[in-house]
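> Please find the sequence and the predicted model below.
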Amino acid sequence: MTQTDVTARARAASVPAQPSVVTARAWLQAPPAASGVLRVRPLPSEATASYVQRLATAYRLALPQLLDGAGITLTGYGTPPTAELILTARAARHVAALARIPLPHLRHALPHLALLDDAHDTETAAARWKRLEAGQQPVRACTRCTRHRSHNATDTAWVHRPRHRLVCPRHQQAAPDPRLTSTVRTRAVPELVAAHHAHQRLRRHPRTLTAWTAARAITTRWYDHQQHLTHRWRQRLTRLIADSPHLVTTGSASPALLARDLVTYPETVALARTLAVLQNPPHRTTDDALSLIAHRLGLPHLASNANDPLWAFLTHTRH
């Protein structure tokens with residue numbers, strides 16, 4: 001497949017025969033199958049740059065070559081996960097046409113894709129690289145899920161992972177930190193899959209966002225200050241490192257920091273589920289709440305301590 005072929009097929013798919021009578025609905029439809037045109041399925045929450053790179057890989061082109069062939073002007077330089085590719089609405093339509101994916105489906109899967117403007121807009125088809133701050137960067141997607149979606153063309157993809165998708169339960173992989181260029185195998189820690197399924201149930205609770213945000217802040221503080229669950233978490237980190245030695249060789253940060261969200265995940269989910277319940281009446285005393293939480297976390301007790309973030313949260317909630 002040459003760049004000329006991509007150009008011809010992309011323009012044929014994305015440019016209507018009668019522009020004056022094209023409706024918005026026509027733009028939303030994927031083009032009919034054509035010889036040599038590849039259909040590349042996006043991963044849920046995939047970064048736009050990751051998806052376009054996989055599309056280019058499927059055509060055996062570099063990303064700038066693919067965009068140029070699709071009539072999209074590219075400015076700047078970057079690579080995921082440190083940068084994201086921002087497309088204009090017209091460029092997004094060209095990519096959807098080339099990939100044979102309806103644009104609404106592509107927008108649903110790619111959270112950073114441009115919104116669909118009016119079909120008659122005069123906006124140019126353009127793309128630019130945008131540098132991302134550390135907290136905005138995507139993480140490495142499950143390699144086996146990526147191979148399946150890419151028809152074995154690549155195992156590399158990057159996703160803006162939602163909080164409830166830390167672990168791939170089917171293939172038992174995870175990438176808790178953008179600095180990890182390889183996924184972490186989790187088969188040695190089966191409680192992570194159980195936590196994943198518990199997290200899906202938690203999402204149905206009306207107070208899930210508040211409870212999850214508080215629980216994650218609390219367990220992160222405990223982890224960083226070596227409180228309450230330190231022995232359990234150290235053992236879990238040791239098992240993860242034994243199954244994924246690259247945690248030690250990633251030079252940007254320590255294994256304890258890179259795997260922190262993964263190590264604390266079961267307790268974070270358990271704490272969030274309990275906090276969600278405790279926010280419902282009847283109200284318990286702080287000591288009763290601490291006893292219930294200790295039981296849910298498998299601890300003998302949790303003493304009242306004004307410096308503990310859990311105590312502070314419970315006290316604030318009660319008042």
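Received, thanks. Numbering: from 1, shown residues only.
> Distance of residue 192 relative to residue 262?
For residue 192, the distance to residue 262 equals 7 Å [Cβ to Cβ, to the nearest Å]. In short, each C-beta sits where N, CA and C put it, glycine included.
> Quick check: neighbours shared by the two?
Overlap of the contact sets of residue 192 and residue 262 (by Cβ atoms under 8 Å, 6 or more residues apart in numbering) consists of 166, 167, 174, 186.
> and those, which of them are in helices?
Using DSSP state H, no member of those falls in helices.
> Most neighbours among those residues, which one?
When neighbours are taken as other Cβ atoms under 10 Å, the top entry among those is residue 174 (29 neighbours).
> can the shared contacts of residue 192 and residue 262 go into a markdown table with extra columns for pLDDT and distance to residue 69?
Putting those into a markdown table (pLDDT from 0 to 100; distance: Cβ to Cβ, whole Å) gives the following:
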| residue | pLDDT | distance to residue 69 |
| --- | --- | --- |
| 166 | 95 | 37 |
| 167 | 96 | 37 |
| 174 | 96 | 35 |
| 186 | 96 | 39 |
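> Which one of those is nearest to residue 45?
Nearest to residue 45 out of the shared contacts of residue 192 and residue 262 is residue 166 (Cβ to Cβ; 12.1 Å).
> so what's that closest one up against?
Per Cβ under 8 Å, 6+ apart, neighbours of residue 166: 174, 176, 192, 196, 199, 261, 262, 265.
> hmm, 10 Å instead?
Counting by Cβ atoms under 10 Å, 6 or more residues apart in numbering, residue 166 touches 139, 174-176, 186, 192, 195-196, 199, 261-262, 265, 268-269.
> quick one: pLDDT of residue 36?
pLDDT for residue 36: 48.
> One more: residue 57?
In this model, residue 57 is scored at 91, pLDDT.
> Domain boundaries for this protein, per the record?
According to automatic domain parsing, the chain comprises the domains 3-139, 164-318.
> Distance from the chain centre to the longest one, please.
Going back to what we said before, that points to domain 164-318. Distance of domain 164-318 from its chain centroid, counting by Cα atoms, centre = their mean, to the nearest Å, is 18 Å.
> Same question for stretch 88-107.
Distance of stretch 88-107 from the chain centroid (Cα atoms, centre = their mean) equals 20 Å.
> what distance separates the start and the end of it?
The first residue of stretch 88-107 is 12 Å away from its last residue (Cα to Cα, to the nearest Å).
> Buried residues, that stretch. List them.
Using 16 or more other Cβ atoms under 10 Å as the test for burial, stretch 88-107 gives 88-103, 106-107.
> before we move on, what about stretch 145-157?
For stretch 145-157, by 16+ other Cβ under 10 Å, it's 145, 146, 147, 149, 150, 153, 154, 155, 156, 157.
> Mind listing residues that contact that stretch?
Outside stretch 145-157, the residues that touch it by Cβ under 10 Å, 6+ apart are 38-44, 46-47, 50-51, 53-55, 57-60, 80, 138, 140-144, 158-159, 168, 170-171, 173, 181-183.
> hey, C-alpha coordinates of it in PDB?
Only the C-alpha atoms of stretch 145-157 are listed here, as PDB (Å, rounded to 0.1, in the frame of the first residue of the first chain):
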ATOM      1  CA  CYS A 145      -6.300  -6.400  23.500                       C
ATOM      2  CA  THR A 146      -4.300  -4.200  21.200                       C
ATOM      3  CA  ARG A 147      -3.100  -7.100  19.000                       C
ATOM      4  CA  HIS A 148      -6.700  -8.300  18.700                       C
ATOM      5  CA  ARG A 149      -7.900  -4.800  17.600                       C
ATOM      6  CA  SER A 150      -4.900  -4.300  15.300                       C
ATOM      7  CA  HIS A 151      -5.200  -7.700  13.600                       C
ATOM      8  CA  ASN A 152      -1.700  -8.600  15.000                       C
ATOM      9  CA  ALA A 153      -0.100  -5.500  13.400                       C
ATOM     10  CA  THR A 154       1.100  -4.100  16.700                       C
ATOM     11  CA  ASP A 155       0.800  -4.600  20.400                       C
ATOM     12  CA  THR A 156       1.400  -0.900  21.300                       C
ATOM     13  CA  ALA A 157      -1.400   1.500  22.100                       C
END
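> pLDDT on that stretch, on average?
Stretch 145-157 carries an average pLDDT of 90.
> How far does it sit from its chain's centre?
16 Å.
> now stretch 74-93
Its chain's C-alpha centre and that of stretch 74-93 lie 17 Å apart, by Cα atoms, centre = their mean.
> all strands in this protein, in order from the N-terminus.
Assigned by DSSP state E, the strands in the chain fall at 73-75, 83-87, 126-131, 139-140, 158-159, 167-168, 173-174, 184-185.
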